[in-house]
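Q: Okay, sequence plus prediction incoming.
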Amino acid sequence: MGDIGVEPGDLDTESDAFQRMDSQCTDSTNRRGRGQEPDLALPAVPRQSSGMEFDLEQTDALLSTTRAVRKRLDFDRDVPDDVLLECLQLAVQAPTGSNNQGWRWMVIRDTEKKEALAEIYRQAGGKYLAAAARDADTGTQTGRVIDSASFLAQNFGKVPVMVIPMIIGRLPDSSAGSAAGFMGSIIPAMWSFQLALRSRGLGSCLTTIHLARESEAAKLLGIPDHMTQAGLLPVAYTKGTDFKPAIRPPVEEITYLDTYKNPIR
Ligand SMILES: Cc1cc2nc3c(=O)[nH]c(=O)nc-3n(C[C@H](O)[C@H](O)[C@H](O)COP(=O)(O)O)c2cc1C
């Protein structure tokens, strides 16, 4: 069962600044339209006087506002293959252990298969979500998250596209090294994919609930036993693009210098 914590993005409203950002992203996507040479160079950004390569305001906005989006996924707007593939081309720039590049991606558009996966998701997590919804105080952060997660569970089949990131092989054992090396060779790519989606006006939510029934999804999609699924990502354009940074603990409180618990500052 994945952590289904805070989802402040679901609570935000539209702002002019982010609408501007959205239209810029759309222009950039259109420039690389169908039939043109793929352009994997990062978009040209104004250099700062310090010689930095990136526009930090834009870069930091992307890194700090890419939220788990559930309620604001636009179920009615199509997601073209070109956009998906562009985001995946960026995603596979992510690091992999020993440079093994074992990522594979399953894109699901078929209505019946999406609904079947949604049902697997509900079978795997429905009881947990229902119990959590009963227990949660609706006015609290936890209550809002459970409400949001329940919404996704109920509506998962309506998303225009689902993506299942996979990695070749099975986790060899449960040691920290094996887990980090194996899952750490797919999760960074998943996050890069989510960042690339966000920069183009789309959103997603990393979910892992269905993995409790991974074999059922594998059977549905013809995925062989030697492939490991790493999650199930709903992919859609977002309703508005004005997502905000989440509340996180001050890093000084969770960062140590030289000795565990020795404050860095
Ligand atoms: C490993 C992992 C597993 C997750 N599994 C689920 C899931 O199964 N269902 C879900 O709705 N959200 C899931 N999430 C999303 C988290 O709930 C979300 O990232 C968290 O609440 C923080 O929200 P934010 O990403 O908007 O900051 C998962 C996130 C991670 C990193």
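A: Here it is on my side, so go on. Here the structure is a predicted model, which means the values were calculated and not measured. Numbering: from 1, shown residues only.

Q: Apart from its neighbours in sequence, what residue is nearest Glu252?
A: Leaving out its chain neighbours, the residue that sits closest to Glu252 by Cβ to Cβ, 6 or more residues apart in numbering is Arg265, at 4.9 Å. (Each C-beta comes from the backbone N, C-alpha and C, glycine too.)

Q: What number of residues are in the vicinity of the one you found?
A: Using other Cβ atoms under 10 Å, the number of residues around Arg265 comes to 8.

Q: for the stretch 51-200 of the chain, what spans make up the strands?
A: Counting by DSSP state E, counting those that start in this stretch, the stretch 51-200 of the chain has strands at residues 103-108, 161-168.

Q: Now do the buried residues in the longest one.
A: For strand 161-168, a neighbour-count test (16 or more other Cβ atoms under 10 Å) marks 161-167 as buried.

Q: average pLDDT for it?
A: Averaged across strand 161-168, pLDDT comes to 98.

Q: mind listing what it pairs with, with the direction of each?
A: strand 103-108 (antiparallel), strand 227-229 (antiparallel), strand 233-237 (antiparallel) (DSSP bridges).

Q: who touches it?
A: Strand 161-168 is contacted from outside by 79, 84, 100, 102-109, 114, 117, 156, 182-183, 185-186, 189-190, 193, 204, 217, 221, 223, 226-236, using Cβ atoms under 8 Å, 6 or more residues apart in numbering.

Q: quick one: which of the strands of the stretch 51-200 of the chain is nearest the ligand?
A: Evaluated over the strands of the stretch 51-200 of the chain, closeness to the ligand peaks at strand 161-168, with 11.8 Å, by Cβ to the nearest ligand atom.

Q: can you tell me if that closest one touches the ligand.
A: No. Strand 161-168 is not in contact with the ligand by Cβ under 6 Å from any ligand atom; minimum separation 11.8 Å.

Q: can you check stretch 63-76 too?
A: Yes. For stretch 63-76 and the ligand, the contact criterion (Cβ under 6 Å from any ligand atom) is met by 67-68.

Q: For the ligand, see how far away Asp110 is.
A: 22 Å (Cβ to the nearest ligand atom, to the nearest Å).

Q: quick one, phi psi at that residue?
A: Asp110 adopts backbone torsions of phi -60, psi 130, taken as degrees, to the nearest 10.

Q: Give me the neighbour count for it.
A: A total of 13 residues lie near Asp110 under the criterion other Cβ under 10 Å.

Q: where's it relative to Ala116, distance?
A: Shown here: Asp110 relative to Ala116, a distance of 9 Å by Cβ to Cβ, to the nearest Å.

Q: need the helices for the stretch 51-200 of the chain, in chain order.
A: 56-65, 81-91, 111-135, 141-155, 176-183, 187-199 (DSSP state H, counting those that start in this stretch).

Q: Does the helix or strand just after the last one reach the ligand?
A: Looking back up the chat, that one is helix 187-199. Going down the chain from helix 187-199, the next helix or strand is strand 202-204, by DSSP states H and E. No. Against the ligand, strand 202-204 shows no contacts by Cβ under 6 Å from any ligand atom, the least distance being 9.8 Å.

Q: which residues touch Lys127?
A: If you count contacts by Cβ under 8 Å, 6+ apart, Lys127 has none.

Q: so how far is Gly143 from it?
A: Distance from Lys127 to Gly143, by Cβ to Cβ: 18 Å.
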